[in-house]
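Below is the sequence, then the predicted model.
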Amino acid sequence: MPTIVLCDHGNQDQGFLLVAGSEAIFASGARDVVLMALPSRLASPIATFLQKFRHAEFRADLIGADSGGRISFAVTPDIAFLVSLDACGAGSWSAGTIGGGSCRLLGDN
């Protein structure tokens, strides 16, 4: 299962985006995804957001290219979630105006 580690702007791991299936992350155009949150001692908008939507399943659009790809889905009508990855699996993520940070892909085929 492709897994994306979600870090805050201080490069601290905050949670994960799990992509359903065992094939390579951009093998199909739409897949189910689940947000996961790590326990956090510090309150922050990002940690609060991930805790609120942890274990929630969403249908995401995945667009791949030789240079990487993008994953996007609506968490709520007001919050769009976006992940951009380069060909090496590093990139950035954002959750609307709540925040975001860096990310890295683990477990891709």
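Looks like it came in fine.

pLDDT below threshold where in this structure?
107-109 (pLDDT under 70).

all strands of it, in order?
Assigned by DSSP state E, the chain shows strands spanning 3-7, 13-19, 30-37, 57-65, 68-76, 79-86, 90-95, 99-106.

relative to strand 30-37, how tilted is the fourth one?
If I follow you right, that is strand 57-65. Angle between the axes of strand 57-65 and strand 30-37 is 120 degrees (criterion: axes from the mean of the first three to the mean of the last three CA atoms, to 10 degrees).

Grab the nearest non-local neighbour of the spatially most central residue of the chain.
Centroid check for the chain by CA atoms, centre = their mean gives Leu17 as the closest residue, at 4.1 Å. Residue nearest to Leu17 in three dimensions, not counting chain neighbours: Ile4, with 4.3 Å by CB to CB, 6 or more residues apart in numbering. For glycine as for every other residue, the C-beta is placed from the backbone atoms N, C-alpha and C.

Okay, and the beta partners of that neighbour?
Leu17, Leu105 (DSSP bridges).

Could you measure from it over to Ser94?
13 Å (CB to CB, to the nearest Å).
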